[in-house]
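K.L.:
Quick check, what structure comes out for this input:
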Amino acid sequence: MAAVAPTVITLSRRLGALPAAALPTLRAASAVYADPSVPAELAAQAGATPVPASPVPGAVVLSCSDDADPPGAALLDAVAVMDRLRAPGGCPWDAEQTHESLLKYLVEECYELYQAIEDGDRADMREELGDVLLQVLFHARVAQEADSPFTIDDVATGLVTKLVGRHPHVFGGGETVATATAQEGRWEELKRAEKQRASSVDGVPLGQPAVALAAKLVSRTRRAGMPADLLPEGDGIGPDLFRRIAAAVRAGEDPESALRDTARAFADRVRAAEQAAVAQGEDAHALDEDTWRRTWPA
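P.N.:
Numbering: from 1, shown residues only. So this is what the prediction gives:
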């Protein structure tokens with residue numbers, strides 16, 4: 001009878017730990033071996049011995065491979081790098097930063113990611129997502145050293161708890177949500193119950209750009225059943241802009257995105273006119289009205 005080959009369990013070299021799913025197989029094995037790719041500490045943790053020339057029947061062989069890394073394993077490297085930068089002997093600049101000093105970078109990186117997505121530039125998008133992730137890691141590392149400290153694991157745990165709790169149709173069983181619109185409404189309902197907010201506009205971040213802020217306020221109050229005639233009134237530019245934004249929201253449009261598209265198209269036309277003027281021997285920084293009109297794209 002041919003010898004039965006041992007069961008091979010491939011472990012992540014980066015994680016350096018035994019996955020919980022492998023424990024029942026290890027406990028049921030007649031013997032546990034580790035090949036040379038397995039670090040000694042991990043082999044000892046599993047009670048493994050080197051692979052003999054003739055493994056006994058029912059044995060398990062542990063092996064390590066970078067290909068066995070689960071999705072997200074590289075995040076551990078990012079956390080370790082951030083820890084090293086903030087630790088004694090790390091980077092002086094990183095060590096001096098506070099939540100407040102990092103605010104401008106958080107806003108800047110989010111806008112750079114926004115532009116990469118608008119441009120459809122996949123390479124830039126990947127890079128800018130990394131820069132936004134850096135801000136998350138940086139703030140979590142700073143928080144770890146502050147009063148009422150918390151860690152990146154606390155941040156991740158809170159996120160998982162939120163996502164699971166606000167998707168009972170996925171994780172809870174028994175509840176169904178048929179459409180994305182229905183889920184959006186259910187999300188807000190669960191959020192209100194969780195936050196115990198007294199007002200429909202509680203929780204709206206007031207520091208966001210004014211167009212996005214007005215749109216969010218209109219969206220919240222619309223869901224709360226507020227009639228349109230209670231929107232801001234007056235002849236000033238503020239009330240007028242607010243009403244225009246409200247009209248866009250009620251028509252199902254995104255006024256922030258629409259205005260950005262118009263602004264970016266305008267910037268492109270300005271550059272094109274300046275380039276045309278330079279090609280005609282003009283100074284792009286000293287154009288008169290006639291030159292602007294003559295070089296303006298049709």
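K.L.:
Tell me which stretches of the stretch 51-200 of the chain form helices.
P.N.:
Listed from the start of the chain, the stretch 51-200 of the chain has helices (DSSP state H, counting those that start in this stretch) covering 74-86, 92-96, 99-119, 122-144, 152-165, 168-171, 180-195.
K.L.:
Residue ranges in the stretch 1-150 of the chain under the pLDDT threshold?
P.N.:
For the stretch 1-150 of the chain, the stretches flagged by pLDDT under 70 are 1-4.
K.L.:
same thing but at 90, please
P.N.:
Segments of the stretch 1-150 of the chain classed as low confidence (criterion: pLDDT under 90) are 1-6, 11-24, 41-42, 45-46, 53-54, 65-74, 76, 146.
K.L.:
and the gap between Val270 and Leu287?
P.N.:
Using Cβ to Cβ, to the nearest Å, one obtains 10 Å as the distance from Val270 to Leu287. (Each C-beta comes from the backbone N, C-alpha and C, glycine too.)
K.L.:
More neighbours: which of these two?
P.N.:
Shown here are Val270 and Leu287; by other Cβ atoms under 10 Å, Leu287 has more neighbours (17 against 14).
K.L.:
Could you tell me how many residues sit around the nearest residue to that one once chain neighbours are set aside?
P.N.:
On the basis of Cβ to Cβ, 6 or more residues apart in numbering, the spatially nearest residue to Leu287 that is not a chain neighbour turns out to be Ala277, at 5.6 Å. A count of nearby residues for Ala277, using other Cβ under 10 Å, gives 19.
K.L.:
I'd like the helices of the stretch 51-200 of the chain laid out as JSON lines, including distance to Ala43.
P.N.:
Supplementary listing: the helices of the stretch 51-200 of the chain in JSON lines, determined by distance: least, Cβ to Cβ, whole Å:
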{"stretch": "helix 74-86", "distance to Ala43": "21"}
{"stretch": "helix 92-96", "distance to Ala43": "36"}
{"stretch": "helix 99-119", "distance to Ala43": "42"}
{"stretch": "helix 122-144", "distance to Ala43": "31"}
{"stretch": "helix 152-165", "distance to Ala43": "27"}
{"stretch": "helix 168-171", "distance to Ala43": "36"}
{"stretch": "helix 180-195", "distance to Ala43": "45"}
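K.L.:
can you redo those helices as JSON lines with mean neighbour count?
P.N.:
Converted to JSON lines, these look like this (neighbours: other Cβ atoms under 10 Å):
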{"stretch": "helix 74-86", "mean neighbour count": "14"}
{"stretch": "helix 92-96", "mean neighbour count": "11"}
{"stretch": "helix 99-119", "mean neighbour count": "14"}
{"stretch": "helix 122-144", "mean neighbour count": "16"}
{"stretch": "helix 152-165", "mean neighbour count": "12"}
{"stretch": "helix 168-171", "mean neighbour count": "13"}
{"stretch": "helix 180-195", "mean neighbour count": "12"}
